[in-house]
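> pasting a predicted model and its sequence here:
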Amino acid sequence: MPRARRTAPAAVPPAAAGDDGFAARLLAWFDRHGRHDLPWQHPRTPYRVWLSEVMLQQTQVATVIPYFERFVRAFPDLPALAAAPADAVMAHWAGLGYYSRARNLHAAARLCVERHGGELPRDLEALTALPGIGRSTAGAILAQAWGDRFPILDGNVKRVLARYHGVEGWPGLPAVEKRLWALAESHLPHARLADYTQAQMDFGATLCTRAQPACVLCPLNDACVALGAGRTGELPAPRPARVLPERSAVVLLAEDAEGRLLLQRRPPTGVWATLWSLPEAEDEAAARAWFRRHLQGRWAPEPLPELPHAFSHYRLRLRPLRLRRVAPRPAAGDNPDLRWVARAELHALALPAPIRKLTGP
DNA sequence: AATACGGGGCC
DNA sequence: GGCCCAGTATT
(Lines give C-alpha, C1' and ligand atoms only; values in the text may rest on other atoms or scores of the structure.)
Protein backbone atom coordinates (compact mmCIF):
# COMPACT_ATOMS: atom_id res chain seq x y z
CA MET A 1 0.00 0.00 0.00
CA PRO A 2 1.38 3.46 -0.91
CA ARG A 3 2.77 5.55 1.88
CA ALA A 4 0.93 8.61 3.18
CA ARG A 5 2.09 11.84 1.58
CA ARG A 6 2.50 15.08 3.42
CA THR A 7 1.13 17.29 0.68
CA ALA A 8 -2.46 18.49 0.67
CA PRO A 9 -4.78 16.57 -1.65
CA ALA A 10 -4.77 18.02 -5.13
CA ALA A 11 -7.82 19.97 -6.10
CA VAL A 12 -10.12 17.73 -8.09
CA PRO A 13 -12.20 19.31 -10.82
CA PRO A 14 -15.88 18.40 -10.82
CA ALA A 15 -16.39 15.20 -12.77
CA ALA A 16 -20.02 15.80 -13.61
CA ALA A 17 -22.86 18.20 -13.05
CA GLY A 18 -24.00 18.19 -9.43
CA ASP A 19 -20.71 16.67 -8.33
CA ASP A 20 -18.22 18.66 -6.31
CA GLY A 21 -15.49 16.07 -6.43
CA PHE A 22 -16.70 14.23 -3.35
CA ALA A 23 -16.21 10.78 -4.87
CA ALA A 24 -12.93 11.62 -6.59
CA ARG A 25 -11.41 12.97 -3.39
CA LEU A 26 -12.63 9.99 -1.43
CA LEU A 27 -11.13 7.61 -3.99
CA ALA A 28 -7.80 9.42 -3.91
CA TRP A 29 -7.84 9.22 -0.13
CA PHE A 30 -8.73 5.54 -0.30
CA ASP A 31 -5.79 4.72 -2.56
CA ARG A 32 -3.38 6.01 0.07
CA HIS A 33 -5.15 5.40 3.35
CA GLY A 34 -7.93 2.88 2.81
CA ARG A 35 -7.95 -0.73 3.93
CA HIS A 36 -6.91 -3.08 1.17
CA ASP A 37 -6.20 -6.24 3.13
CA LEU A 38 -9.47 -7.22 4.77
CA PRO A 39 -10.15 -10.97 4.64
CA TRP A 40 -13.24 -10.64 2.44
CA GLN A 41 -11.26 -8.68 -0.16
CA HIS A 42 -9.05 -11.65 -1.03
CA PRO A 43 -10.68 -13.22 -2.88
CA ARG A 44 -13.56 -10.81 -3.31
CA THR A 45 -16.33 -13.20 -4.35
CA PRO A 46 -20.03 -12.31 -4.14
CA TYR A 47 -20.53 -14.89 -1.41
CA ARG A 48 -17.71 -13.54 0.74
CA VAL A 49 -18.82 -9.96 0.20
CA TRP A 50 -22.37 -10.90 1.18
CA LEU A 51 -21.23 -12.76 4.29
CA SER A 52 -18.99 -9.89 5.36
CA GLU A 53 -21.71 -7.30 4.82
CA VAL A 54 -24.18 -9.25 6.92
CA MET A 55 -21.65 -9.85 9.70
CA LEU A 56 -20.76 -6.16 9.62
CA GLN A 57 -24.34 -5.04 10.16
CA GLN A 58 -24.16 -3.18 13.48
CA THR A 59 -20.84 -4.86 14.19
CA GLN A 60 -17.34 -3.50 13.97
CA VAL A 61 -14.63 -4.82 11.68
CA ALA A 62 -12.28 -6.01 14.42
CA THR A 63 -15.06 -8.06 15.97
CA VAL A 64 -16.10 -9.58 12.66
CA ILE A 65 -12.73 -10.72 11.30
CA PRO A 66 -12.23 -13.86 13.44
CA TYR A 67 -15.87 -14.87 12.96
CA PHE A 68 -15.56 -14.39 9.21
CA GLU A 69 -12.43 -16.53 9.05
CA ARG A 70 -13.99 -19.39 10.98
CA PHE A 71 -17.26 -19.15 9.08
CA VAL A 72 -15.76 -19.32 5.58
CA ARG A 73 -13.51 -22.16 6.68
CA ALA A 74 -16.59 -24.13 7.72
CA PHE A 75 -18.80 -22.97 4.81
CA PRO A 76 -16.48 -21.98 1.93
CA ASP A 77 -19.19 -21.16 -0.61
CA LEU A 78 -22.89 -20.57 -0.94
CA PRO A 79 -23.89 -24.18 -1.74
CA ALA A 80 -21.91 -25.39 1.27
CA LEU A 81 -23.77 -22.96 3.49
CA ALA A 82 -27.11 -23.97 2.00
CA ALA A 83 -26.35 -27.64 2.63
CA ALA A 84 -25.28 -27.13 6.25
CA PRO A 85 -27.51 -27.94 9.23
CA ALA A 86 -28.99 -24.88 10.93
CA ASP A 87 -27.36 -25.78 14.25
CA ALA A 88 -23.91 -25.77 12.65
CA VAL A 89 -24.52 -22.35 11.11
CA MET A 90 -25.75 -20.96 14.42
CA ALA A 91 -22.77 -22.44 16.27
CA HIS A 92 -20.42 -20.48 14.02
CA TRP A 93 -22.38 -17.30 14.68
CA ALA A 94 -22.59 -17.75 18.45
CA GLY A 95 -21.22 -14.72 20.28
CA LEU A 96 -21.62 -12.33 17.37
CA GLY A 97 -25.16 -11.29 18.25
CA TYR A 98 -28.25 -10.39 16.22
CA TYR A 99 -28.83 -14.06 15.49
CA SER A 100 -31.61 -13.45 13.00
CA ARG A 101 -28.76 -12.46 10.69
CA ALA A 102 -27.49 -16.03 10.74
CA ARG A 103 -30.92 -17.58 10.33
CA ASN A 104 -31.67 -15.22 7.44
CA LEU A 105 -28.29 -15.88 5.87
CA HIS A 106 -28.90 -19.60 5.94
CA ALA A 107 -32.43 -19.25 4.57
CA ALA A 108 -31.20 -16.91 1.84
CA ALA A 109 -28.49 -19.37 0.81
CA ARG A 110 -31.12 -22.07 0.41
CA LEU A 111 -33.33 -19.70 -1.58
CA CYS A 112 -30.41 -18.93 -3.88
CA VAL A 113 -30.02 -22.64 -4.56
CA GLU A 114 -33.73 -22.87 -5.34
CA ARG A 115 -34.14 -19.69 -7.35
CA HIS A 116 -30.78 -18.59 -8.67
CA GLY A 117 -28.76 -21.70 -9.48
CA GLY A 118 -26.80 -21.61 -6.25
CA GLU A 119 -25.49 -18.10 -6.80
CA LEU A 120 -26.30 -14.65 -5.51
CA PRO A 121 -28.44 -12.75 -8.03
CA ARG A 122 -26.88 -9.67 -9.64
CA ASP A 123 -30.05 -7.67 -9.25
CA LEU A 124 -31.20 -5.19 -6.62
CA GLU A 125 -34.77 -6.41 -6.41
CA ALA A 126 -33.82 -10.07 -6.29
CA LEU A 127 -31.23 -9.36 -3.61
CA THR A 128 -33.54 -7.34 -1.36
CA ALA A 129 -36.12 -10.10 -1.76
CA LEU A 130 -33.75 -12.36 0.15
CA PRO A 131 -34.08 -12.38 3.94
CA GLY A 132 -31.49 -10.28 5.75
CA ILE A 133 -30.61 -8.16 2.72
CA GLY A 134 -31.97 -4.63 2.73
CA ARG A 135 -31.26 -1.77 0.38
CA SER A 136 -27.85 -0.87 1.81
CA THR A 137 -26.52 -4.42 1.97
CA ALA A 138 -27.81 -5.12 -1.55
CA GLY A 139 -26.09 -1.99 -2.82
CA ALA A 140 -22.87 -2.96 -1.08
CA ILE A 141 -22.95 -6.43 -2.62
CA LEU A 142 -23.64 -5.16 -6.14
CA ALA A 143 -20.97 -2.48 -5.91
CA GLN A 144 -18.32 -4.55 -4.16
CA ALA A 145 -18.77 -7.82 -5.98
CA TRP A 146 -19.52 -6.56 -9.50
CA GLY A 147 -18.74 -2.87 -9.56
CA ASP A 148 -22.36 -1.97 -10.25
CA ARG A 149 -23.46 1.59 -9.59
CA PHE A 150 -25.51 1.49 -6.40
CA PRO A 151 -25.24 3.58 -3.24
CA ILE A 152 -24.97 2.31 0.31
CA LEU A 153 -26.20 4.01 3.46
CA ASP A 154 -24.68 2.54 6.58
CA GLY A 155 -23.71 4.26 9.79
CA ASN A 156 -20.46 5.51 8.31
CA VAL A 157 -22.05 7.04 5.24
CA LYS A 158 -24.83 8.59 7.31
CA ARG A 159 -22.28 10.25 9.56
CA VAL A 160 -20.12 11.48 6.69
CA LEU A 161 -23.02 12.89 4.70
CA ALA A 162 -24.71 14.44 7.73
CA ARG A 163 -21.51 16.32 8.49
CA TYR A 164 -20.49 17.15 4.94
CA HIS A 165 -23.93 18.54 4.05
CA GLY A 166 -24.92 19.71 7.50
CA VAL A 167 -27.99 17.49 7.59
CA GLU A 168 -29.98 18.13 10.77
CA GLY A 169 -32.00 15.54 12.65
CA TRP A 170 -31.37 12.03 13.87
CA PRO A 171 -30.53 9.81 10.86
CA GLY A 172 -32.89 7.13 12.15
CA LEU A 173 -35.83 9.37 11.29
CA PRO A 174 -37.35 8.30 7.96
CA ALA A 175 -37.37 11.85 6.59
CA VAL A 176 -33.69 12.33 7.41
CA GLU A 177 -32.79 8.91 6.06
CA LYS A 178 -34.59 9.68 2.83
CA ARG A 179 -32.55 12.83 2.41
CA LEU A 180 -29.34 10.93 3.09
CA TRP A 181 -30.18 8.30 0.48
CA ALA A 182 -30.68 11.07 -2.07
CA LEU A 183 -27.33 12.59 -1.17
CA ALA A 184 -25.63 9.21 -1.34
CA GLU A 185 -27.00 8.75 -4.86
CA SER A 186 -25.94 12.22 -5.91
CA HIS A 187 -22.29 11.52 -5.13
CA LEU A 188 -22.08 8.19 -6.95
CA PRO A 189 -19.13 8.05 -9.36
CA HIS A 190 -19.33 6.33 -12.72
CA ALA A 191 -16.35 4.05 -12.23
CA ARG A 192 -14.51 2.22 -9.45
CA LEU A 193 -17.72 1.50 -7.58
CA ALA A 194 -16.20 -1.28 -5.50
CA ASP A 195 -13.38 0.95 -4.33
CA TYR A 196 -15.73 3.88 -3.78
CA THR A 197 -17.98 1.77 -1.58
CA GLN A 198 -15.05 0.53 0.46
CA ALA A 199 -13.66 4.05 0.57
CA GLN A 200 -16.76 5.46 2.23
CA MET A 201 -16.72 2.80 4.91
CA ASP A 202 -12.99 3.11 5.59
CA PHE A 203 -13.28 6.87 5.63
CA GLY A 204 -16.13 6.84 8.14
CA ALA A 205 -14.53 4.15 10.27
CA THR A 206 -11.01 5.58 10.45
CA LEU A 207 -11.08 9.32 9.68
CA CYS A 208 -14.59 10.78 9.95
CA THR A 209 -15.15 8.93 13.21
CA ARG A 210 -17.95 9.58 15.67
CA ALA A 211 -15.71 11.12 18.32
CA GLN A 212 -12.55 13.04 17.39
CA PRO A 213 -12.74 13.04 13.59
CA ALA A 214 -9.36 13.79 12.00
CA CYS A 215 -10.57 16.85 10.10
CA VAL A 216 -7.04 18.18 9.62
CA LEU A 217 -6.26 15.19 7.42
CA CYS A 218 -9.63 15.13 5.70
CA PRO A 219 -9.72 15.41 1.90
CA LEU A 220 -13.18 16.99 2.16
CA ASN A 221 -12.42 19.52 4.86
CA ASP A 222 -12.67 22.60 2.63
CA ALA A 223 -16.30 21.87 1.78
CA CYS A 224 -17.59 20.22 4.97
CA VAL A 225 -20.54 22.14 6.41
CA ALA A 226 -20.17 20.71 9.91
CA LEU A 227 -16.47 21.56 10.07
CA GLY A 228 -17.05 25.04 8.72
CA ALA A 229 -19.65 25.65 11.41
CA GLY A 230 -17.58 24.03 14.15
CA ARG A 231 -20.31 21.45 14.62
CA THR A 232 -18.64 18.10 13.91
CA GLY A 233 -19.43 17.17 17.49
CA GLU A 234 -23.14 17.85 16.99
CA LEU A 235 -23.68 16.14 13.65
CA PRO A 236 -25.13 13.70 13.08
CA ALA A 237 -27.76 14.36 15.77
CA PRO A 238 -27.85 11.63 18.44
CA ARG A 239 -30.70 9.22 18.85
CA PRO A 240 -33.30 10.49 21.33
CA ALA A 241 -32.49 9.19 24.80
CA ARG A 242 -34.58 6.38 26.20
CA VAL A 243 -34.80 4.56 29.52
CA LEU A 244 -33.79 0.94 29.35
CA PRO A 245 -36.14 -1.46 31.15
CA GLU A 246 -34.57 -3.93 33.56
CA ARG A 247 -35.40 -7.60 33.78
CA SER A 248 -34.00 -10.42 35.80
CA ALA A 249 -34.06 -14.14 35.21
CA VAL A 250 -32.98 -17.26 37.04
CA VAL A 251 -30.96 -19.75 35.02
CA LEU A 252 -30.29 -23.31 36.12
CA LEU A 253 -26.83 -24.85 35.89
CA ALA A 254 -28.04 -28.39 36.33
CA GLU A 255 -25.48 -31.20 36.28
CA ASP A 256 -26.05 -34.91 36.28
CA ALA A 257 -23.90 -37.43 38.12
CA GLU A 258 -21.38 -37.49 35.25
CA GLY A 259 -21.02 -33.71 35.31
CA ARG A 260 -22.93 -33.19 32.10
CA LEU A 261 -24.86 -29.94 31.83
CA LEU A 262 -28.55 -29.57 30.96
CA LEU A 263 -29.23 -27.21 28.06
CA GLN A 264 -32.54 -25.99 26.73
CA ARG A 265 -33.24 -24.67 23.27
CA ARG A 266 -34.62 -21.12 23.19
CA PRO A 267 -38.01 -20.54 21.57
CA PRO A 268 -38.09 -19.54 17.89
CA THR A 269 -38.85 -15.89 18.67
CA GLY A 270 -37.39 -13.32 21.05
CA VAL A 271 -33.82 -12.83 22.18
CA TRP A 272 -31.38 -15.62 21.40
CA ALA A 273 -34.08 -17.34 19.35
CA THR A 274 -33.32 -21.05 18.66
CA LEU A 275 -29.98 -20.88 20.45
CA TRP A 276 -29.05 -23.40 23.12
CA SER A 277 -29.11 -21.89 26.59
CA LEU A 278 -29.71 -22.82 30.21
CA PRO A 279 -33.19 -23.55 31.55
CA GLU A 280 -34.59 -20.16 32.50
CA ALA A 281 -37.33 -18.97 34.83
CA GLU A 282 -38.63 -15.63 36.05
CA ASP A 283 -37.71 -16.23 39.68
CA GLU A 284 -36.60 -18.96 42.06
CA ALA A 285 -40.12 -20.24 42.69
CA ALA A 286 -40.70 -20.69 38.98
CA ALA A 287 -37.29 -22.32 38.69
CA ARG A 288 -38.20 -24.80 41.38
CA ALA A 289 -41.49 -25.58 39.67
CA TRP A 290 -39.61 -26.19 36.43
CA PHE A 291 -37.18 -28.44 38.29
CA ARG A 292 -39.97 -30.56 39.75
CA ARG A 293 -41.61 -30.95 36.37
CA HIS A 294 -38.50 -31.94 34.44
CA LEU A 295 -35.91 -33.28 36.87
CA GLN A 296 -35.46 -35.50 39.82
CA GLY A 297 -32.96 -35.22 42.64
CA ARG A 298 -32.56 -32.85 45.54
CA TRP A 299 -33.65 -29.21 45.15
CA ALA A 300 -30.53 -27.72 46.73
CA PRO A 301 -29.67 -24.74 44.57
CA GLU A 302 -26.30 -23.04 45.10
CA PRO A 303 -26.52 -19.39 44.06
CA LEU A 304 -23.64 -18.23 41.86
CA PRO A 305 -22.68 -14.56 41.40
CA GLU A 306 -25.17 -12.52 39.40
CA LEU A 307 -24.27 -11.78 35.81
CA PRO A 308 -25.44 -8.42 34.48
CA HIS A 309 -25.95 -8.23 30.74
CA ALA A 310 -26.91 -5.22 28.64
CA PHE A 311 -28.94 -5.48 25.46
CA SER A 312 -29.67 -2.54 23.19
CA HIS A 313 -33.23 -2.38 24.46
CA TYR A 314 -33.12 -3.65 28.04
CA ARG A 315 -30.88 -4.70 30.88
CA LEU A 316 -30.83 -8.26 32.13
CA ARG A 317 -29.65 -9.61 35.48
CA LEU A 318 -28.92 -13.29 35.23
CA ARG A 319 -29.14 -15.10 38.57
CA PRO A 320 -27.52 -18.52 38.15
CA LEU A 321 -28.46 -21.42 40.43
CA ARG A 322 -26.27 -24.49 40.42
CA LEU A 323 -27.75 -27.94 40.93
CA ARG A 324 -25.61 -31.05 41.27
CA ARG A 325 -26.39 -34.71 40.72
CA VAL A 326 -29.81 -34.29 39.20
CA ALA A 327 -31.38 -36.51 36.56
CA PRO A 328 -34.17 -36.20 34.02
CA ARG A 329 -37.62 -37.44 34.86
CA PRO A 330 -38.31 -40.44 32.64
CA ALA A 331 -41.25 -38.71 30.95
CA ALA A 332 -39.15 -35.66 30.12
CA GLY A 333 -36.46 -37.68 28.39
CA ASP A 334 -37.89 -37.27 24.90
CA ASN A 335 -38.09 -33.48 24.94
CA PRO A 336 -36.11 -32.38 21.85
CA ASP A 337 -35.54 -28.94 23.36
CA LEU A 338 -33.56 -30.40 26.25
CA ARG A 339 -30.20 -32.11 26.08
CA TRP A 340 -27.40 -33.14 28.40
CA VAL A 341 -24.03 -32.01 27.20
CA ALA A 342 -20.55 -32.86 28.41
CA ARG A 343 -18.35 -29.85 29.08
CA ALA A 344 -16.07 -30.88 26.24
CA GLU A 345 -18.94 -30.66 23.74
CA LEU A 346 -20.04 -27.17 24.67
CA HIS A 347 -17.73 -25.41 22.26
CA ALA A 348 -19.59 -26.84 19.25
CA LEU A 349 -22.94 -25.42 20.34
CA ALA A 350 -24.58 -22.06 19.69
CA LEU A 351 -24.67 -20.47 23.14
CA PRO A 352 -25.43 -16.79 23.87
CA ALA A 353 -22.35 -14.89 25.01
CA PRO A 354 -23.33 -14.47 28.70
CA ILE A 355 -24.37 -18.12 28.93
CA ARG A 356 -21.02 -19.08 27.46
CA LYS A 357 -19.37 -17.09 30.25
CA LEU A 358 -21.37 -19.03 32.79
CA THR A 359 -20.70 -22.48 31.43
CA GLY A 360 -17.11 -22.00 30.40
CA PRO A 361 -15.62 -22.79 26.95
C1' DA B 1 -43.38 5.37 12.66
C1' DA B 2 -41.72 2.68 16.35
C1' DT B 3 -39.71 -1.34 18.18
C1' DA B 4 -37.06 -5.83 18.45
C1' DC B 5 -32.88 -7.71 17.93
C1' DG B 6 -26.49 -8.80 20.76
C1' DG B 7 -22.36 -7.84 21.82
C1' DG B 8 -18.38 -5.18 22.13
C1' DG B 9 -15.62 -0.84 21.56
C1' DC B 10 -14.89 3.63 23.13
C1' DC B 11 -15.16 7.85 25.80
C1' DG C 1 -22.54 3.96 32.30
C1' DG C 2 -24.17 5.76 28.01
C1' DC C 3 -23.76 5.88 23.08
C1' DC C 4 -22.87 3.82 18.83
C1' DC C 5 -21.76 0.50 15.34
C1' DA C 6 -20.55 -1.98 7.52
C1' DG C 7 -29.14 -2.62 9.34
C1' DT C 8 -33.18 -5.45 8.67
C1' DA C 9 -37.65 -7.32 9.80
C1' DT C 10 -41.78 -6.86 12.04
C1' DT C 11 -45.68 -4.57 13.88
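Arrived safely, thanks for sending. Owing to the predicted nature of the structure, the values given are computational and were not obtained by experimental measurement.

> from here on, contacts and neighbour counts on C-alpha atoms
Fine.

> run through who's touching the helix or strand containing A:L180.
Per DSSP states H and E: A:L180 is located in helix A:174-186. With contact meaning C-alpha atoms under 8 Å, 6 or more residues apart in numbering, helix A:174-186 is reached by A:18-19, A:150-153, A:157-158, A:161-162, A:167-171.

> one more time with 10 Å, if that's ok
Helix A:174-186 is contacted from outside by A:17-19, A:22-23, A:136, A:149-153, A:157-162, A:165, A:167-172, using C-alpha atoms under 10 Å, 6 or more residues apart in numbering.

> quick one: is the next helix or strand after it near DNA strand C?
Using DSSP H and E, the helix or strand that follows helix A:174-186 in sequence is helix A:193-206. Yes: Helix A:193-206 reaches DNA strand C (C-alpha under 7 Å from any atom of the strand) through A:Q198, A:M201, A:D202, A:G204, A:A205.

> look through chain A and report the residue furthest from the middle.
Distance from the centre of chain A peaks at A:R298, with 42.2 Å (C-alpha atoms, centre = their mean).

> would you tell me which residues of the stretch 51-200 of chain A are close to DNA strand B?
The interface of the stretch 51-200 of chain A toward DNA strand B, taken as C-alpha under 7 Å from any atom of the strand, is made up of A:57-60, A:62-63, A:94-100, A:173-175.

> how about 6 Å then?
Proximity of the stretch 51-200 of chain A to DNA strand B, by C-alpha under 6 Å from any atom of the strand, involves residues A:Q58, A:T59, A:G95, A:L96, A:G97, A:Y98, A:Y99, A:S100, A:P174, A:A175.

> now for those residues, which pair is the farthest apart?
Taking every pair in these and measuring C-alpha to C-alpha, the maximum separation is 34.0 Å, between A:G95 and A:A175.

> who has more neighbours out of these two?
Neighbour count, other C-alpha atoms under 10 Å: between A:G95 and A:A175, A:G95 has more, with 17 against 11.

> and the more buried one, how far is that from A:F203?
The spacing between A:G95 and A:F203, counted by C-alpha to C-alpha, to the nearest Å, is 27 Å.

> would you mind listing which of the contacts of helix A:174-186 are buried?
Neighbour counting with 16 or more other C-alpha atoms under 10 Å marks A:22-23, A:136, A:149-153, A:157-162, A:167, A:169-171 as buried within the contacts of helix A:174-186.

> which one of the residues of the stretch 51-200 of chain A next to DNA strand B is nearest to A:D337?
Lowest distance from A:D337 to these (C-alpha to C-alpha) belongs to A:Y99, with 18.1 Å.

> and that closest one, how far from A:A348?
Relative to A:A348, and taking C-alpha to C-alpha, A:Y99 is found at 16 Å.

> more neighbours, these two?
More crowded of A:Y99 and A:A348, by other C-alpha under 10 Å: A:Y99, with 20 against 14.

> isn't the more buried one right next to A:P268, touching?
No: proximity of A:Y99 to A:P268 does not meet the contact threshold set by C-alpha atoms under 10 Å, at 11.0 Å.

> got any residues that touch both of these two?
Applying C-alpha under 10 Å, 6+ apart, one finds that A:Y99 and A:P268 are jointly contacted by A:T274, A:L275.

> ok but the residue farthest from the centre of chain A is inside a helix, no?
No: membership of A:R298 in a helix is not supported by DSSP: H, G, I helix; E, B strand; the rest coil, which gives coil.
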